[in-house]
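S.K.: Requesting a structural model of the entry that follows:
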Amino acid sequence: MSENAPKFDLAFLNKISGGDMNFIKEMITTFKEMAPEFKDNSFRFLKDENYEALSREAHRFIPGVSFLGIKHLETDMILIEQYAKNLTNLDELPVLVESAVFKINEIIEIFNKEFNLN
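M.R.: As a prediction, this is how the structure comes out:
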């Protein structure tokens, strides 16, 4: 992903909400509220080799990522879910979780700046 590529795309939320900025901010806030739990749980499940729980955690987080059009994060989340569920490429999971957490932190920072959230 290039440095200048958009990190998110709110077209879907704009469409389903009729451009309701309060609704969009609510969805961003929900994402921000779910992020710490996802991060904590994912690292714990990875450490405990509880791959079934890790798969469920990623699955639970995907809709919020999709609604906000965070495609580069959605790709990581889908891979985390699939690898953990199917017990494949387990050696790649730590890197994927780290990548996902980095992207979550990055997107929250962008949302905070662009939407004056904190």
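S.K.: CA atoms for contacts and neighbours, from now on please.
M.R.: Will do.
S.K.: can you tell me which residues contact the residue nearest the centre of the chain?
M.R.: Computing the C-alpha centroid of the chain and ranking residues by C-alpha atoms, centre = their mean puts Val65 first, at 4.7 Å. Applying C-alpha atoms under 8 Å, 6 or more residues apart in numbering, we find Val65 in contact with Phe31, Lys71, Leu73, Glu74.
S.K.: May I ask which of those has the most neighbours?
M.R.: Neighbour tally across these (other C-alpha atoms under 10 Å): the maximum, 22 neighbours, falls on Leu73.
S.K.: I'd guessed it sits against Glu98; true?
M.R.: No: taking C-alpha atoms under 8 Å as the definition, Leu73 is not a contact partner of Glu98, at 11.3 Å.
S.K.: Give me the neighbour count for Asn118.
M.R.: 10.
S.K.: Surely it touches Ile110?
M.R.: No: the pair Asn118 and Ile110 does not pass the contact test of C-alpha under 8 Å, sitting 11.0 Å apart.
S.K.: and the gap between Phe12 and Leu87?
M.R.: 33 Å (C-alpha to C-alpha, to the nearest Å).
S.K.: quick one: buried residues of stretch 14-34?
M.R.: Buried residues in stretch 14-34, counted by 16 or more other C-alpha atoms under 10 Å: Asn14, Ile24, Met27, Ile28, Thr29, Phe31, Lys32.
S.K.: what do you get for stretch 55-73?
M.R.: Buried residues in stretch 55-73, defined by neighbour count with 16+ other C-alpha under 10 Å: 55-59, 61-62, 64-73.
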